[in-house]
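[1] Please find the sequence and the predicted model below.
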Amino acid sequence: MKIERIKNINSKEFKEAVELGDQNSKTLGFLPKSAFEKYAQQDQLIGAIDKDTNKVLGYLLYRISYNRVTIVHLCIDNNIRKKGIASKLIKELKLTTKQYDGIKLSCRNDYGIDKVWEKFNFVPIREKIGRSHKKLPLTIWWYPHNQNNILSQISDYELKNKIVAVIDMNIFLDIKDERNIESLALKSDWILSETILYYTREMHNEINRTTDKNEKERSRNLLSYYKELPFKNESDFENILKEIEHLNIGGRNSQSDKRHLAYAITGGAQYFITRDTGILRHKEALKKYGLTVYRPSEFITHLDENIQTSKYKPQRLIGTNINSTRINSENAEYFISTFLKPNEKKAYLRKIIGTSLSFPNKYEVISISKNEKLLALIIYDKTTKNKLKIPVFRFKKNDLKATLAKHLLYKAIFKATKEHYDIVEIEEKNLDADIIQIIKETRFINVDNVWKKINIKSVIKQDELNNHIEKKLYENKNDALEILRKINKSSDTLSKYNIERYFSPLKISDLNIPTYIVPIKPQWSEKLFNDKSEQILPLFEPNYELLLNRENVYYRSSKPKILTAPARILWYESKNTTTKTKGKIVASSYIDNVFIDNPKKLFKQFEQLGVYEWKHIKETVKENEDIMAFIFSDTELFNNTISLNKINILFEKFEKRKFLPISPVKIKNETYIAIYKLGKQI
């Protein structure tokens, strides 16, 4: 059997497809020959054809509208059904329509073939009344093509700062019907501020199996209050499903339970919350996939015990007695004893510290202490051209460990970029598991057991990157090419975005994600962007709790609802009435996530980020009105601020309109690149 397009409307294959459609018109709906001709000429008629006889065994006919594919007919010869022909036709459609949002179809409920669509990984998203004279209900089925679309992923902010958990059908029904106190505890405000509760696509199938129409509608309405876990990769999902097939979960919904688990694993969830004893007894087996299974009470207990120490909370540095402690020959042994790892020989650490102290022009030793108690030890090795190496990156166990680690990593990246090092290498061999996770989150890649971060200060197209690396990075080019190989999966938007973020401050000029200019008042610009990087440990200054190149939050009115994530932004510092300074663009950042909600709820949720106090939020919003909070990161100050006059010239050239900096302004990618180049003097 061969799968191929039927384009020739005068061919034997076309005639047989039309006849097959006419024979099944009672179930498919009648379609005139002229419609078949139209779809064939548009290359939207796929045939399953016998290799020996060239007989049409089945066909799939589809249309395209609003960037979606809609299956009009899927028809298989009655004499050869259940031979996998429909599966092959659907597979061909999926492979050749990836550029669209997804595939939709409508199917009458009374046909009883729901399991067919479930098998093809379609899910039922809603119902509507059919056009037949009996007005029989139809179910709308959907398969998403945005598995690799950047807007469909769990955001970096959520992965790094939120607990990503999936609830199963039992928990969902507990909450809907308010039938179980243990599950209802998941609705607590403090839990929702720390956790993102997702459901998997399998939930649509479970809801669809409900026979009561009103219950089905209630469930679908409640589902809109939760987020659907991204469906990242169909082949990964199918492989995981096969791997966990042996699990003896039991019960009439065991296969559905396994699909929930496979979706959760491939979707990137950290936790799976359930009361199902069949799933809970396999929690150890599921840990190897990075999925922890908990009852609601266990999950809440875990959250309460661990959230404070695992979260990155910069504000905890402010007002503390944190400072840098100088190492010298007299106290070196004390530092060696304090930071020596189990089973490590003192001679190794003594040699590194001794060498660093002997050549202060080639090494930089940073130790951090609080109330005379040592917290961290970091050594920079600057002996290799174009490479900043970190042979020691150690932390004592304390409640500021994660915060310090992330601060100091960003400081290292910022230092390397400023001092023209192409690469940062963490050579430390005794890294704690939690520190490794932070290193990964900071976009270091492991190459030959060394964690590496490449810095490329350039604006280029994606297809020019290999050539740029070959010409500009010299002795570091092999590392850069290996990192590029690991993260460059395709030429789609998500891949370009990942490349830009991993090779920051690189800008991919043909990356088309939403881009905005965001106005900011001078007093907030001063607090957010004042560059004090020349001073020792600026991150610990009580008046400047925000460090460049790390996550922050910015609040503004929820209207207009123009900002989306992920996105690039340029910061426009408005006119300063005190100093009479005119407006200018001063920096660029990325938006990682956008939230619109009750002001008090958002302020409580993001109090650990930003310079805002509650009184500032109250000034921004009217009573009983929602506010917007957006998380931004990887901020770059401009060497050359862009004046209002220059902005107007660029707007005239690229936007063909005037620049009105009253609220966020969406701009073209070309405008962003032109302004960024001017600001960074590239």
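    Thanks, I have the structure now.
[2] close enough to count as contact, residue 233 and residue 266?
    Yes: if you go by Cβ atoms under 8 Å, residue 233 and residue 266 touch, sitting 6.2 Å apart. C-betas here are computed from N, CA, C, even on glycine.
[3] So the two - more neighbours on which side?
    Using other Cβ atoms under 10 Å, the more surrounded residue of residue 233 and residue 266 is residue 266, with 24 against 14.
[4] Let me know the helix or strand that the more buried one is in.
    helix 254-267 (DSSP states H and E).
[5] tell me what the very next helix or strand once past that helix is packed against?
    Sequence-wise, the next helix or strand downstream of helix 254-267 (DSSP H and E) is strand 271-273. The helices and strands touching strand 271-273, judged by 3 or more Cβ pairs under 8 Å, 6 or more residues apart in numbering; DSSP states H and E, are strand 163-167, helix 254-267, strand 292-294, helix 296-310.
[6] Sheet-wise, list the partners of strand 271-273 with their directions.
    With DSSP bridges as the test, strand 271-273 is paired with strand 163-167 (parallel), strand 292-294 (parallel).
[7] Comparing the ones you listed, which stretch has the densest surroundings?
    strand 163-167 (a mean of 23; mean count of other Cβ atoms under 10 Å).
[8] gap between that strand and the chain center?
    Computed by Cα atoms, centre = their mean, to the nearest Å, the chain-centroid distance of strand 163-167 equals 15 Å.
[9] Same question for stretch 459-468.
    With Cα atoms, centre = their mean, you get 24 Å for stretch 459-468.
[10] can you give me the end-to-end distance of it?
    End-to-end distance for stretch 459-468, by Cα to Cα, to the nearest Å: 10 Å.
[11] Now do it, average pLDDT.
    For stretch 459-468, mean pLDDT rounds to 91.
[12] Can I get the helix holding residue 266 in PDB? Just the C-alpha atoms.
    Listed next in PDB are the C-alpha coordinates belonging to helix 254-267 (Å, rounded to 0.1, in the frame of the first residue of the first chain):
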ATOM      1  CA  SER A 254      -6.200   2.100  33.800                       C
ATOM      2  CA  GLN A 255      -5.300   2.800  30.200                       C
ATOM      3  CA  SER A 256      -6.500   6.400  30.600                       C
ATOM      4  CA  ASP A 257      -4.500   6.700  33.800                       C
ATOM      5  CA  LYS A 258      -1.400   5.600  31.900                       C
ATOM      6  CA  ARG A 259      -2.000   8.200  29.200                       C
ATOM      7  CA  HIS A 260      -2.300  10.900  32.000                       C
ATOM      8  CA  LEU A 261       1.100   9.800  33.300                       C
ATOM      9  CA  ALA A 262       2.700   9.700  29.900                       C
ATOM     10  CA  TYR A 263       1.400  13.200  29.100                       C
ATOM     11  CA  ALA A 264       2.700  14.500  32.500                       C
ATOM     12  CA  ILE A 265       6.200  13.000  32.000                       C
ATOM     13  CA  THR A 266       6.600  14.300  28.400                       C
ATOM     14  CA  GLY A 267       5.000  17.600  29.200                       C
END
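[13] Just want the angle from it to strand 163-167.
    Inter-element angle recorded for helix 254-267 and strand 163-167: 160 degrees (by axes from the mean of the first three to the mean of the last three Cα atoms, to 10 degrees).
[14] buried residues in helix 254-267?
    256-267 (16 or more other Cβ atoms under 10 Å).
[15] quick check: longest helix of the chain.
    helix 401-418 (DSSP state H).
[16] and that helix, what does it pack onto?
    Here helix 401-418 touches helix 296-310, strand 363-370, strand 373-384, strand 387-395, strand 423-426, helix 433-441, going by 3+ Cβ pairs under 8 Å, 6+ apart.
[17] Can you tell me which of the ones you listed is packed in deepest?
    Buried most deeply of the helices and strands packed on helix 401-418, by mean count of other Cβ under 10 Å, is strand 423-426, with a mean of 23.
[18] gap between that strand and the chain center?
    That offset, for strand 423-426, works out to 24 Å (Cα atoms, centre = their mean).
[19] now swap in stretch 87-100 and tell me
    25 Å.
[20] where does the stretch 401-550 of the chain have low pLDDT?
    489-491, 527-550 (pLDDT under 70).
[21] right, I mislabeled it, should have said the chain
    For the chain (pLDDT under 70), the answer is 131-134, 146-161, 304-322, 325, 489-491, 527-550, 578-579, 608-612, 622-623.
[22] Can you check which strand is longest in it?
    Secondary structure of the chain per DSSP state E: the longest strand is strand 627-643.
[23] just to revisit the earlier point, dump the strands paired with strand 271-273 to CSV, plus distance to residue 250.
    Compiled in CSV, the strands paired with strand 271-273 are given as follows (distance: least, Cβ to Cβ, whole Å):
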stretch, distance to residue 250
strand 163-167, 20
strand 292-294, 15
